[in-house]
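K.L.:
Here is a sequence together with a model predicted from it:
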Amino acid sequence: MILKIRLKLKNRTLSYITMTKNLIVPLIILCFINDSFAQNEQLPYMEIPNPSEVYTAGAVVARMIDGLGFRFYWATESLRIEDLTFKPSSDARTTAETLNHIFELAQMIHSTALKKDISYIQNKGLSISEKRSITLKMLKTSSDIFRNTQHLGQFKIFFNRDGKQSEYPFWNQINGPISDALWHCGQIVSHRRTSGNPFNSKVNVFKGTVSD
């Protein structure tokens with residue numbers, strides 16, 4: 001019986017290895033999910049990391065993502081139920097739905113950094129804190145990858161929708177997901193101010209620091 005179980009597990013492992021590259025990104029994100037359960041977890045972007053010593057294309061993009069990560073960290077810090085359910089009008093997104101959208105945008109950035117097809121994970125079973133944690137970690141991983149490259153042209157955006165593939169240059173990553181996520185961070189800040197839980201006044205987004 002033990003031998004049969006081991007054989008089944010081995011066959012299952014082999015089947016995972018032969019999966020298409022489209023499933024690699026979700027598996028990596030699942031690692032972030034498991035890691036998010038760690039106790040006393042220190043999430044990235046409480047403060048913005050030190051900048052690169054030299055200005056390169058990769059370093060500039062990394063800094064943009066670091067700025068996004070820092071703003072997202074504090075835009076979503078200590079959100080209450082009444083903040084998450086708030087929306088400015090009947091046809092607008094709630095703050096929780098806006099956070100979910102940034103979660104998807106971070107996956108787009110992360111997929112491109114890994115040179116994989118854009119792939120999303122099912123997030124219905126994840127709590128807001130778990131999605132926040134995974135988003136921050138994906139942004140930090142992506143930033144670290146881009147910071148160490150000199151050739152951003154190699155990082156293309158790949159979509160695979162119902163077997164139909166499309167490809168876009170990295171330029172679309174800048175004016176698309178990265179800029180879009182920054183836009184939505186501002187919405188969360190505006191929403192939480194209206195719902196009575198304003199953005200931490202000790203956060204200095206210009207310096208990327210938090211005063212005591």
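P.N.:
Yes, it's here. Numbering: from 1, shown residues only.
K.L.:
show me what contacts residue 112?
P.N.:
118, 142, 155, 156, 157, 158, 170, 173 (CB atoms under 8 Å, 6 or more residues apart in numbering). (Glycine included, C-beta is placed from N, CA and C.)
K.L.:
quick one: which helix or strand includes it?
P.N.:
Per DSSP states H and E, residue 112 falls inside helix 95-113.
K.L.:
where exactly do the helices run in this structure?
P.N.:
Using DSSP state H, the helices of the chain run over residues 2-17, 24-35, 57-75, 81-84, 95-113, 128-147, 171-173, 179-194.
K.L.:
residue ranges with poor pLDDT in the protein?
P.N.:
Low-confidence segments of the chain, defined by pLDDT under 70: 1-40.
K.L.:
repeat that for 90
P.N.:
1-41, 119-125, 150, 160-164, 212 (pLDDT under 90).
K.L.:
Next, work out how far apart residue 177 and residue 204 are.
P.N.:
25 Å (CB to CB, to the nearest Å).
K.L.:
out of those two, which sits in the more crowded spot?
P.N.:
Taking neighbours as other CB atoms under 10 Å, residue 177 and residue 204 compare with residue 177 leading, 23 against 13.
K.L.:
List the contacts of the residue lying closest to residue 96 once chain neighbours are set aside.
P.N.:
Distances taken as CB to CB, 6 or more residues apart in numbering put residue 84 closest to residue 96, at 4.1 Å, once the chain neighbours are dropped. Shown in contact with residue 84 (CB under 8 Å, 6+ apart): 94, 95, 96, 99, 128.
K.L.:
My read is that the fourth one contacts residue 188, right?
P.N.:
Spelled out, it's residue 99. Yes. Residue 99 is within contact range of residue 188, at 6.7 Å (criterion: CB atoms under 8 Å).
K.L.:
Need the residues touching each of these two.
P.N.:
residue 76.
K.L.:
Same list (the helices of the chain) but as JSON lines, adding distance to residue 122.
P.N.:
Below are the helices of the chain laid out as JSON lines (distance: least, CB to CB, whole Å):
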{"stretch": "helix 2-17", "distance to residue 122": "18"}
{"stretch": "helix 24-35", "distance to residue 122": "9"}
{"stretch": "helix 57-75", "distance to residue 122": "21"}
{"stretch": "helix 81-84", "distance to residue 122": "19"}
{"stretch": "helix 95-113", "distance to residue 122": "11"}
{"stretch": "helix 128-147", "distance to residue 122": "12"}
{"stretch": "helix 171-173", "distance to residue 122": "24"}
{"stretch": "helix 179-194", "distance to residue 122": "20"}
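K.L.:
right, so of these, which gets closest to residue 212?
P.N.:
Ranking these by proximity to residue 212 (CB to CB) places helix 57-75 first, at 15.2 Å.
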